[in-house]
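[1] fold the following and give me the result.
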Amino acid sequence: MKLIFLYGIPATGKLTIGQELAAITGYKLFHNHLAVDLLLAVFEFGSPQFIALREQIWLSVFESASQSQLPGLIFTFAPEATVRPEFISNTRETITRTGGAVHFVELTCPIDELKRRIESPSRVRYQKLASLSLFEQLHADGAFHSFPMPSAAISIDSSAHTPAQAAAKIASNLQLI
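    As a prediction, the model looks like this:
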């Protein structure tokens with residue numbers, strides 16, 4: 001199985017591009033807020049229980065998807081301070097154990113555009129960060145760059161492409177279609 005690991009700070013377009021990529025590849029989309037929102041119903045964001053269960057859910061889905069012989073899975077991820085750095089190596093180990101591969105795709109966007117996008121009503125649906133002041137505080141504190149990410153197979157500035165164009169570039173670069 002190919003795990004397409006879309007990552008970037010909030011509002012870079014991970015979910016939107018992931019939806020476009022799923023439409024052209026037929027891969028399932030497992031965006032990180034499915035687990036996050038589930039756990040927010042019970043635990044405070046960043047609490048020890050939240051952190052442990054979130055990673056357990058993510059890795060369990062990866063393992064089950066990989067064992068089920070899905071051709072591919074798209075995952076969206078925002079590196080931030082509450083994610084344990086070993087999550088990345090645990091993800092790689094989980095996927096490669098069944099002969100799969102992880103393809104890291106970085107999404108970037110100029111900070112002014114991120115600030116314009118952050119309060120978009122579409123972000124509220126999944127309890128995403130939607131406060132400009134909190135985004136600015138977290139960004140200034142380095143919360144979105146708490147650990148280094150692996151080198152990306154492709155990096156895309158989402159402000160320079162439509163979501164469909166970005167998805168097509170990813171699919172072409174990774175030979176998904």
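[2] where do the helices sit along this structure?
    Assigned by DSSP state H, the helices in the chain fall at 14-25, 33-40, 48-67, 86-96, 111-117, 121-124, 132-140, 163-173.
[3] can you spell out which helices and strands pack onto the last one?
    This means helix 163-173. helix 14-25, strand 154-157 (3 or more Cβ pairs under 8 Å, 6 or more residues apart in numbering; DSSP states H and E). C-beta here means a position set from N, CA and C on the backbone, and glycine is covered the same way.
[4] winner for burial among these?
    For the helices and strands packed on helix 163-173, the largest average neighbour count (mean count of other Cβ atoms under 10 Å) is found in helix 14-25, namely a mean of 21.
[5] how far away from the center of its chain is that helix?
    In this view, helix 14-25 has its centroid 12 Å away from the chain centroid, taken as Cα atoms, centre = their mean, to the nearest Å.
[6] so what touches that helix?
    Contacts with helix 14-25, where a contact means Cβ atoms under 8 Å, 6 or more residues apart in numbering, come from 4, 6-8, 27-29, 31, 33, 72, 74, 76-78, 107, 126, 156, 158, 163-164, 166-168, 170-171, 176-177.
[7] re earlier: with distance to V102 and mean pLDDT added, can I get the helices and strands packed on helix 163-173 in CSV?
    What follows is the helices and strands packed on helix 163-173, written out as CSV (distance: least, Cβ to Cβ, whole Å; pLDDT from 0 to 100):
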stretch, distance to V102, mean pLDDT
helix 14-25, 15, 98
strand 154-157, 13, 98
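[8] which one of those lies nearest to K115?
    Nearest of these to K115, taken as Cβ to Cβ: strand 154-157 at 15.5 Å.
[9] direction included, what does the closest one pair up with?
    strand 101-108 (parallel) (DSSP bridges).
[10] rewinding a little: can you flag the buried ones in the contacts of helix 14-25?
    Among the contacts of helix 14-25, those classed as buried by 16 or more other Cβ atoms under 10 Å are 4, 6-8, 27, 29, 31, 33, 72, 74, 76-78, 107, 156, 158, 163, 166-168, 170-171, 176.
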